[in-house]
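Colleague: Using only what follows, build the 3D model:
(one chain, ligands or ions: 1)
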Amino acid sequence: MGTGDWSGPSAGVIDGRGLVALPGFVNAHSHANIGLYNGLWDRPNVAVPGDPYPRVPPYTSFMTADEHRDAAILTMIAALRTGTTTLCSCERYAPATTVEAADRVGIRTLSGVMANDPVFRSVGRPNWPDAANELAGLALARAGDPLRRFFIGAHSLYSCSPDQIVEARARARELDVPFNIHLAEHPAEVAIALERYGTSPVRALDRLGVLDDRVIADHVIFVDDDDIDILGRRGVGIASCPLSTAKSGAVAPLAAFVARGMRVGLGTDSLLSNNALSMLRELSLAIVLQRVRGAATALGPADAIRLATLGSADVLGWSGEIGSLEAGKAADIVLYDLRHPWGLDAERVAAGIVYEADRASVRTVLVGGRVVVYDGRASTIDEDAVSAELAGRYQGGGPRPWDRA
Ligand SMILES: [Zn+2]
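Modeller: Numbers count the residues shown, from 1 in each chain. As a prediction, this is how the structure comes out:
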């Protein structure tokens, strides 16, 4: 279906007979502008164990404005088509382009920039403080837009100096927006924290005074009991990404976070490491990987769905408006085609969503009451035209972003 085939909410009635309505998923961690690097992480020479600074793509600083926009559009279509209505997107450059793409595709966003120190992360051009200034202007320009919220972050403890982390945290406080940071995502980060700070990544950030309940911590894999205790006491929100984490050979202690009543949600990370950007896949992995890890009965299907909806919304500080279907909340709704030989009840719906549903099950998606996927196809943008344009650009021998590096 191309643009214009759907006449929009003014058509009045959506026939949902035989379909199951759920709140849209809230993807608590991604990077929209890496969308052109789909699956790159699967190449054996890319994910180098122990090296947090691989000298390989993604080189987002070499991307043109068109490439930034198209990367974001691909990411957002993938998200919508798999039942995600809100995307948290972390960029280094061009935060306005992410918002422009989101306006076009119709997905809800919490987006922002992450500081990088040119000494600690030398790939690409420095982004600080330009990115923060750009973000501040964007947040001001879009204040009051119900679909757009913003954050300021620092990429990670390993790619930022202590001063830069503290400065980025202060900028977020000034703007009264969340602070977003990758945390304890890699054994090499633990080693770097020990070397630079003499302690664990979590304790290092705590000493810098940046941890509180406005912090979104991404991944949070390599933590001990004391780290978990600190994160719980500070009220830090955790965006756990089961598939991309498992691809790197690890499993986060998700069940332990949930058992302690911490603020936890699910995310996918980018198309680079998560080729379908599907929260549906994260649901089953969130459960089964915890079982493999030894937490046999810790999480069930209903728990996983809650993590991916209200849990993530809470991590993003947005649970007052999204994450559940309630009177007064935004109409971020996904209609699934689910069936069961005995008929559907709540338990079979939860199990079906987690273990059976896929992209083909997603029939209709509404964001803020606007139909953005109808009959399984994006209704805001012509997906075939996007594919054709990209094929013309990259399959015809034209320069790809990484060729400019
Ligand atoms: Zn990330």
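
Colleague: And for the residue located most distally from the centre of the chain, nearest residue in space, chain neighbours not counted?
Modeller: Within the chain, the residue lying farthest from the chain centre (CA atoms, centre = their mean) is residue 342, at 35.3 Å. Ranked by CB to CB, 6 or more residues apart in numbering and with sequence neighbours excluded, the top spatial neighbour of residue 342 is residue 348, at 7.2 Å. Quick note: C-beta positions are derived from backbone N, CA and C, even for glycine.

Colleague: how about the residue farthest from the centre of the chain, secondary structure?
Modeller: Three-state secondary structure (criterion: DSSP: H, G, I helix; E, B strand; the rest coil) places residue 342 in coil.

Colleague: What pLDDT is listed against it?
Modeller: Confidence per residue is given as pLDDT, and for residue 342 that number is 96.

Colleague: I'd guessed residue 106 sits against residue 366; true?
Modeller: No. Contact criterion CB atoms under 8 Å: residue 106 and residue 366 do not qualify, at 9.3 Å.

Colleague: what is in contact with these two at once?
Modeller: Overlap between the contact sets of residue 106 and residue 366, as judged by CB atoms under 8 Å, 6 or more residues apart in numbering, is given by residue 372.

Colleague: The residue nearest to residue 342 - how many residues pack around it?
Modeller: Applying other CB atoms under 10 Å, we find 18 other residues in the vicinity of residue 348.

Colleague: how close does it get to residue 338?
Modeller: With distances taken as CB to CB, to the nearest Å, residue 348 is found 8 Å from residue 338.

Colleague: and what of residue 19?
Modeller: Look at residue 19 and residue 338: by CB to CB, they are 8 Å apart.

Colleague: okay, these two: which has more neighbours?
Modeller: residue 338 (19 against 15).

Colleague: if I've got this straight, the more buried one is in a helix?
Modeller: No. Counting by three-state DSSP, residue 338 falls outside a helix, being coil.

Colleague: my guess is it meets residue 22, correct?
Modeller: No. Assessed by CB under 8 Å, residue 338 is found out of contact with residue 22, at 9.7 Å.

Colleague: what touches both of those two?
Modeller: Between them, residue 338 and residue 22 share the contacting residues 349, 353, judged by CB under 8 Å, 6+ apart.

Colleague: where do the strands sit along the stretch 301-405 of the chain?
Modeller: With DSSP state E, counting those that start in this stretch, the ranges of strands along the stretch 301-405 of the chain come out as 333-336, 362-367, 370-374, 377-378.

Colleague: could those strands be laid out in TSV, adding distance to residue 325, mean pLDDT and mean neighbour count?
Modeller: Shown next, in TSV, are those (distance: least, CB to CB, whole Å; pLDDT from 0 to 100; neighbours: other CB atoms under 10 Å):
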stretch	distance to residue 325	mean pLDDT	mean neighbour count
strand 333-336	7	98	22
strand 362-367	11	98	23
strand 370-374	16	96	21
strand 377-378	22	96	21
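
Colleague: Quick one: closest of those to residue 300.
Modeller: Residue 300 sits nearest to strand 333-336 of all the strands of the stretch 301-405 of the chain, at 18.5 Å, using CB to CB.

Colleague: What pairs with the closest one, parallel or antiparallel?
Modeller: Looking at strand 333-336 with DSSP bridges, its paired strands and their directions are strand 20-23 (antiparallel), strand 362-367 (antiparallel).

Colleague: by how many degrees do the last one and strand 370-374 diverge?
Modeller: Just to be clear, that refers to strand 362-367. 160 degrees (axes from the mean of the first three to the mean of the last three CA atoms, to 10 degrees).

Colleague: hmm, who's touching strand 362-367?
Modeller: 14, 16, 19, 24, 80-83, 85-86, 106-108, 147, 330-337, 371-376.

Colleague: Keeping just the C-alphas, turn the host helix or strand of residue 87 into CSV.
Modeller: Take DSSP states H and E as the rule and residue 87 turns out to sit in strand 84-91. Provided in CSV are the C-alpha atoms of strand 84-91 (Å, rounded to 0.1, in the frame of the first residue of the first chain):
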residue,chain,number,x,y,z
THR,A,84,6.6,-1.1,18.1
THR,A,85,4.9,2.3,18.5
THR,A,86,7.6,4.1,20.5
LEU,A,87,11.3,4.1,19.6
CYS,A,88,14.2,5.3,21.8
SER,A,89,16.9,6.4,19.4
CYS,A,90,20.4,7.4,20.3
GLU,A,91,22.5,9.3,17.8
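
Colleague: how far out from the middle of the chain is it?
Modeller: Distance of strand 84-91 from its chain centroid, counting by CA atoms, centre = their mean, to the nearest Å, is 5 Å.

Colleague: What is that strand packed up against?
Modeller: strand 25-30, helix 65-81, helix 95-105, strand 108-115, helix 312-315, strand 362-367 (3 or more CB pairs under 8 Å, 6 or more residues apart in numbering; DSSP states H and E).

Colleague: Could you identify which of the ones you listed is most buried?
Modeller: Each of the helices and strands packed on strand 84-91 was given a mean neighbour count from mean count of other CB atoms under 10 Å, and the largest, a mean of 32, is that of strand 25-30.

Colleague: Adjacent strands (with direction) for that strand?
Modeller: Listed by DSSP bridges, the sheet partners of strand 25-30 and their directions read strand 84-91 (parallel).

Colleague: The strand it pairs with vs helix 65-81, what angle?
Modeller: When the same axes, to 10 degrees is applied, the directions of strand 84-91 and helix 65-81 differ by 150 degrees.

Colleague: Could you check the angle strand 84-91 makes with strand 108-115?
Modeller: Relative orientation of strand 84-91 and strand 108-115, computed by the same axes, to 10 degrees: 10 degrees.

Colleague: Rebuild the helices and strands packed on strand 84-91 as a markdown table, extending it with distance to residue 280.
Modeller: What follows is the helices and strands packed on strand 84-91, written out as a markdown table (distance: least, CB to CB, whole Å):
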| stretch | distance to residue 280 |
| --- | --- |
| strand 25-30 | 8 |
| helix 65-81 | 10 |
| helix 95-105 | 19 |
| strand 108-115 | 18 |
| helix 312-315 | 14 |
| strand 362-367 | 8 |
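
Colleague: Out of those, which is closest to residue 138?
Modeller: Between residue 138 and these, the tightest spacing by CB to CB is seen for helix 95-105, at 5.4 Å.

Colleague: what's the closest one packed up against?
Modeller: When contacts are defined as 3+ CB pairs under 8 Å, 6+ apart, helix 95-105 packs onto helix 65-81, strand 84-91, strand 108-115, helix 130-141, strand 148-156.
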